[in-house]
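Asks: Quick one, what's the 3D model for this:
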Amino acid sequence: MFFSLPLAFLGVAGVLAAPMPLDSRGLVTGAKANTTAGGVAPLGPSSLDVFPAGGNCTTSWSPAPLDGKVPWNNMTISLMTGQNANMTTLATVASGIDGTNAWATKYTFECPDVQPYSQIYFLQFSNGYDPMASQWTTRFTIASPRGETTPPEFATQPTGEAVPWGNGRLVTDSKGDIPGATKASNASAQGTAAKSAFASIFATPSAAVKAKAAYTSGAEPRALLSAAGMAMAAVAGAAVLL
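Replies: Numbering: from 1, shown residues only. This next block holds a predicted model:
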């Protein structure tokens, strides 16, 4: 039995391999790079992202392999600040996320009010089993609700790397969870909708329209086909040769 699928399907495997921001040395820029194999790979935020306090912050990642050396099915995402060699945890962004789920690789949360408003914040992904396997995004900017920012306090790391940094703090809470942080249902719900949307492509064209609606209403994991790809698949169909 042979299957001939539309070209729209060919990009699925490659989408998860989107490159992370790299510096001239080939390392993840901003936060401390980690080369532990078999774990989650943060894709965003990037150094170009600016999120206003009180607005939505979004993070995304490539999933950890199911056969990885360390389990990633109970992932925690934390908001961090400080220098590379001495990081400070400000708050828990999300917990209880299955980092191996290829259908749920995006999380949106309310960006907290901080001081200073600057490019000195980053996210840490940890699995709850091995601290050495943690992964980090590059430093991104949290701005004032009006978009105001200030440059990082320090231009280089204490160890000499030309990576600007600073020490931030939460304004509303001294330390704790960001609103909705413990509700991992955000990511898992996106994953459920994504699976349903993907499965619908193999049904009728009318079902494909519903799949597109599910996608545009919030199912946006990186492994999911684009809406355009779905429409293409619905029109072309899957030719099954017996």
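Asks: Which parts of the protein are helices?
Replies: For the chain, the helices defined by DSSP state H occupy 12-15, 185-200, 205-216, 227-236.
Asks: how much space between residue 74 and residue 48?
Replies: 31 Å (C-beta to C-beta, to the nearest Å). For the C-beta atoms, the positions are set from N, CA and C on the backbone; glycine is no exception.
Asks: Compare neighbour counts for the two and give me the winner.
Replies: Between residue 74 and residue 48, counted using other C-beta atoms under 10 Å, the more crowded position is residue 74 (15 against 11).
Asks: Read off the pLDDT value for that one.
Replies: Note on residue 74: pLDDT of 94.
Asks: That one is in contact with residue 96, isn't it?
Replies: Yes: under the criterion of C-beta atoms under 8 Å, residue 74 lies in contact with residue 96, with a separation of 6.2 Å.
Asks: List the residues that contact the nearest residue to residue 83 once chain neighbours are set aside.
Replies: Nearest non-adjacent residue to residue 83, counting by C-beta to C-beta, 6 or more residues apart in numbering: residue 165, 5.2 Å away. Neighbouring residues of residue 165 by C-beta atoms under 8 Å, 6 or more residues apart in numbering: 82, 83, 84, 120, 139, 152, 153, 154, 157.
Asks: next one: residue 149
Replies: When contacts are taken as C-beta under 8 Å, 6+ apart, residue 149 is in contact with 50, 117, 118, 119, 141, 143.
Asks: 7 Å instead, please
Replies: 117, 118, 141, 143 (C-beta atoms under 7 Å, 6 or more residues apart in numbering).
Asks: which residues does the third one bridge with?
Replies: Beta-bridge partners of residue 141, counted by DSSP bridges, are residue 50.
Asks: wait, it sits on residue 116?
Replies: No: using C-beta atoms under 7 Å, residue 141 is not in contact with residue 116, being 10.4 Å away.
Asks: For the closest residue in space to residue 93 that isn't next to it in sequence, give the beta-bridge partners.
Replies: Leaving out its chain neighbours, the residue that sits closest to residue 93 by C-beta to C-beta, 6+ apart is residue 77, at 4.3 Å. The bridge-partner assignment for residue 77, based on DSSP bridges, gives residue 94, residue 125.
Asks: Hmm, residue 125 and residue 77 touching each other?
Replies: Yes: the pair residue 77 / residue 125 is scored as a contact, 5.8 Å apart, by C-beta under 7 Å.
Asks: which regions of the protein sit below the pLDDT cut-off?
Replies: Low-confidence regions of the chain, defined here as pLDDT under 70, cover residues 1-37, 172-242.
Asks: can you list the domains in it?
Replies: As given by automatic domain parsing, the domain ranges for the chain are 2-8+190-241, 19-183.
Asks: what sits against the residue lying closest to residue 69 once chain neighbours are set aside?
Replies: In space, residue 69 comes closest to residue 38 once its chain neighbours are excluded; the distance is 4.9 Å by C-beta to C-beta, 6+ apart. For residue 38, the set of contacting residues under the criterion of C-beta under 7 Å, 6+ apart consists of 64, 65, 68, 69, 70.
Asks: For residue 71, see how far away residue 38 is.
Replies: 10 Å.
Asks: what does residue 117 give?
Replies: Residue 117 is 37 Å from residue 71, by C-beta to C-beta.
Asks: Could you do residue 98 as well?
Replies: Distance of residue 98 to residue 71, given as C-beta to C-beta: 10 Å.
Asks: does residue 71 really touch residue 127, like I thought?
Replies: Yes: the pair residue 71 / residue 127 is scored as a contact, 6.3 Å apart, by C-beta under 7 Å.
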